[in-house]
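1. take a look and give me a structure for this.
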Amino acid sequence: MTRLWFAIRVAALAGPVVLAFASGGFYAEARLVALFSVAALLGLWAVVGPGPLPRDRRARLALSALAGYCAWVAVSASWAPMADVAGADLQRALLYLGALALGSTLWQGSRRTARTVEPAVAAGVTIVMAYGLAGRLLPGIVELTPGRLAGSRLFQPLTYWNGQGALAAIGLILCARLVGDRTRSATTRVLAAAAAVPTGAALYLTFSRGALVTLIGGLLVLLSLAPTWTQLRGMALALEATGAAIVVCAALPGVNDLAGDLGAREADGAVALALILVLMLVAAAATAWMCRVEDDGRVRLGRLPLPARAPLIAGAAAVALIIIPIAFAGGDAGSSRTPQFGETSGRFASTGSNRYEYWKVALKAAADHPVEGLGAGGFAPEWLRERTITEVVRDAHSLYLETLAELGIVGLLLLAAMLGAIFAAARAAYRDDPALAAGPAAALVTFALHAGIDWDWELPALTLVAVTLAGLLLSRAPVRTAG
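-> Alright, predicted model coming up:
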């Protein structure tokens, strides 16, 4: 039985990684395979596991709200303008429901087993990023076809640069946490420091401004949840090594820009690869040294002098980091252009974005259909009718505004109930075991922020990583029953 439990847990952790190599699970075939796989794992776990349902009422509320969301998506298909798109939305929602139901009981019991989730997720993200980075650094060996809209932005294997960047940001948050977690073994901390280097380099090469901003917000939240000198040093070490890798990538035109000839790209890629490997070794060695001096008491330990409300302040600052730049760019939204081939890091100096235009259409649709919404998948035709710019998009680039537009207040309340229950469980898990919960909670905040400015929900490989971390926190929250 123990081996079977182990196999189910490994399969659950490996699922998002496998799905990442199938265009992030965006298309129907991969999505359906993932849905049936999760259903099979859930059924098997219900038979052999400790129980089919979580005992904690916050976990049950989260599952009930997501089940209600699925039901409402199915009902909305009756007035949705495109039945096939509505069906795809339902498949995704059911996939997330099954994965959350599985995760909510999968990590109960042994704390030692639950603590494997964070490094396993970080390792999975590193694998995905290393593959995408290999296509940039070894173009003659690992051939990745450039995207028509992606330009020079790293977008494989998820096939969407901003989604790739968001996944890298989550991975970097987890790596930074592991490096600064004194309760982890020195080996885990050393490996996390090394993994941060390619993950951060891949994040940079996506040229995703939203991912970078949400990373900053997530790091603020992480430090507020783990307010120790050790965590601060670990975070600084991971970011310094990552920053050096970014400087290397930015300084080599064949890495920073795909417009050059193959020979130049191969030469620059080889140099970048060698330097990144060196930086990984330096980060690992520095972390090993840090572990030794901490054990010897030669560095400052203990808590940082942060106020008790630091997590709330950090959360508010993270939200402001997202909202203010987009609001500022709103007046210039129509001037931004669709990414062109050769798009480089120059995007980091620009605030232009069409999101303001998408959101205006979404809010207008919500005002016209406040209760029932347009129906699942209804934003795309509404955009074609109401748009004031020529760009063609299918999503409102915000999970929350798109839900309000397509599923009305009912859908948004169900989504909010699910997220609220998850974060309530995260808070309870953090109070019970801060060392275990701090990293996953900060990573979930990072996802929630990025989902507010992009179509992460439509990329199962990305969203399932967040669902995995949410399941961990639901399963580790101290039991609070309805009675």
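
2. three-state assignment of Arg55?
-> Recorded secondary structure, Arg55: coil (DSSP: H, G, I helix; E, B strand; the rest coil).

3. if you skip the residues just before and after it, what's nearest to it?
-> Val479 (4.9 Å; C-beta to C-beta, 6 or more residues apart in numbering). Using the backbone N, CA and C atoms, a C-beta is placed for each residue, glycine as well.

4. same thing with Ala166?
-> That would be His450: by C-beta to C-beta, 6+ apart, it lies 4.4 Å from Ala166.

5. output the contacting helices and strands for whichever strand or helix holds the one you found.
-> Assigned by DSSP states H and E, His450 belongs to helix 434-451. Applying 3 or more C-beta pairs under 8 Å, 6 or more residues apart in numbering; DSSP states H and E, one finds that helix 434-451 contacts helix 117-137, helix 161-179, helix 209-225, helix 310-329, helix 399-432, helix 460-476.

6. may I see the buried residues of it?
-> 436-451 (16 or more other C-beta atoms under 10 Å).

7. kindly report the same for stretch 361-380.
-> Under 16+ other C-beta under 10 Å, the buried positions of stretch 361-380 are 361-362, 365-366, 369, 372-380.

8. tell me the first helix or strand C-terminal of the helix or strand of the chain with the lowest mean pLDDT.
-> Least confident helix or strand, the chain: helix 310-329 with a mean of 80, by mean pLDDT, DSSP states H and E. Remark: after helix 310-329, the chain's next helix or strand is helix 355-368, criterion DSSP H and E.

9. show me what the helix or strand that comes right after that following helix is packed up against.
-> Next in sequence after helix 355-368, counting helices and strands by DSSP H and E, comes helix 379-386. Other helices and strands packing on helix 379-386, by 3+ C-beta pairs under 8 Å, 6+ apart, are helix 355-368, helix 399-432.

10. can I get those in TSV with distance to Ala134?
-> What follows is the helices and strands packed on helix 379-386, written out as TSV (distance: least, C-beta to C-beta, whole Å):
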stretch	distance to Ala134
helix 355-368	31
helix 399-432	31
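
11. most packed of the ones you listed?
-> The highest average neighbour count among these, using mean count of other C-beta atoms under 10 Å, belongs to helix 399-432 at a mean of 22.

12. quick revisit: can you list the residues that contact the least confident helix or strand of the chain?
-> Here helix 310-329 makes contact (C-beta atoms under 8 Å, 6 or more residues apart in numbering) with 209-210, 213-214, 216-218, 220-221, 223-225, 227, 307, 336, 351-353, 355-356, 445, 449, 452-453.

13. now list the buried members of these.
-> Judged by 16+ other C-beta under 10 Å, buried ones among the contacts of helix 310-329: 209-210, 213-214, 216-218, 220-221, 223-225, 227, 336, 353, 355-356, 445, 449, 452-453.

14. centre of the chain to the helix holding His450, how far?
-> Computed by C-alpha atoms, centre = their mean, to the nearest Å, the separation of helix 434-451 from the middle of its chain amounts to 9 Å.

15. so, low pLDDT: which residues of the stretch 301-450 of the chain?
-> Filtered on pLDDT under 70, the stretch 301-450 of the chain yields the residue ranges 325-352.

16. let me see the contact set for Asp454.
-> Counted by C-beta under 8 Å, 6+ apart, Asp454 has contacts 162-163, 166, 210, 397-398.

17. so it: helix, strand or coil?
-> Per three-state DSSP, Asp454 ends up coil.

18. how about it, phi and psi?
-> The phi/psi pair for Asp454 (degrees, to the nearest 10) reads phi -160, psi 180.

19. circling back to that earlier point, can you say which of the helices and strands packed on helix 379-386 is nearest to Gly68?
-> helix 399-432 (4.8 Å; C-beta to C-beta).

20. where does pLDDT dip in the stretch 1-150 of the chain?
-> The model of the stretch 1-150 of the chain has pLDDT under 70 over residues 1, 148.

21. what about the helices in it?
-> 2-20, 28-48, 57-76, 83-106, 111-114, 117-137 (DSSP state H, counting those that start in this stretch).

22. now those as CSV including mean neighbour count and distance to Ala194?
-> Listed next are these as CSV, based on neighbours: other C-beta atoms under 10 Å; distance: least, C-beta to C-beta, whole Å:
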stretch, mean neighbour count, distance to Ala194
helix 2-20, 18, 18
helix 28-48, 16, 30
helix 57-76, 21, 35
helix 83-106, 22, 27
helix 111-114, 13, 23
helix 117-137, 23, 9
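
23. turn these into a markdown table, columns for distance to Met235.
-> Output for these, formatted as a markdown table (distance: least, C-beta to C-beta, whole Å):
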| stretch | distance to Met235 |
| --- | --- |
| helix 2-20 | 24 |
| helix 28-48 | 33 |
| helix 57-76 | 29 |
| helix 83-106 | 27 |
| helix 111-114 | 23 |
| helix 117-137 | 14 |
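
24. among these, which is nearest Gln231?
-> Nearest of these (C-beta to C-beta): helix 117-137, 13.9 Å.

25. tell me what angle that closest one forms with helix 161-179.
-> 130 degrees (axes from the mean of the first three to the mean of the last three C-alpha atoms, to 10 degrees).

26. and the angle for helix 117-137 with helix 83-106?
-> 130 degrees.

27. offset the numbering so it begins at 449, please.
-> Happy to do that; since the first residue is 449 now, the last one works out to helix 565-585.

28. give the other helices and strands that helix 565-585 contacts.
-> Using 3+ C-beta pairs under 8 Å, 6+ apart, helix 565-585 sits against helix 450-468, helix 609-627, helix 634-653, helix 710-744, helix 882-899, helix 908-924.

29. need the contact partners of the first one.
-> Translated: helix 450-468. Contacts of helix 450-468 (C-beta under 8 Å, 6+ apart): 473, 478, 482, 485-486, 489, 492-493, 496-497, 547, 550-551, 554-555, 561, 565, 568-569, 572, 575-576, 605-606, 615, 908-910, 912-913, 916.

30. at 7 Å instead, please
-> In this structure, residues lying in contact with helix 450-468 by C-beta atoms under 7 Å, 6 or more residues apart in numbering are 473, 478, 482, 485, 489, 492-493, 496, 550-551, 554, 568-569, 572, 575-576, 605-606, 908-909, 912-913, 916.

31. check which residues of stretch 747-761 are buried.
-> 758-759.

32. centre of the chain versus it, how much separation?
-> 25 Å.

33. for stretch 680-697, same thing?
-> 20 Å.

34. for Ala886, see how far away the residue nearest to Ala614 is.
-> 19 Å (C-beta to C-beta, to the nearest Å).

35. contacting residues for the closest residue to Ala570 other than its chain neighbours?
-> Spatial nearest neighbour of Ala570, chain neighbours left out: Leu622 (4.0 Å); criterion: C-beta to C-beta, 6+ apart. By C-beta under 7 Å, 6+ apart, Leu622 lies in contact with 566, 569-570, 887, 891.
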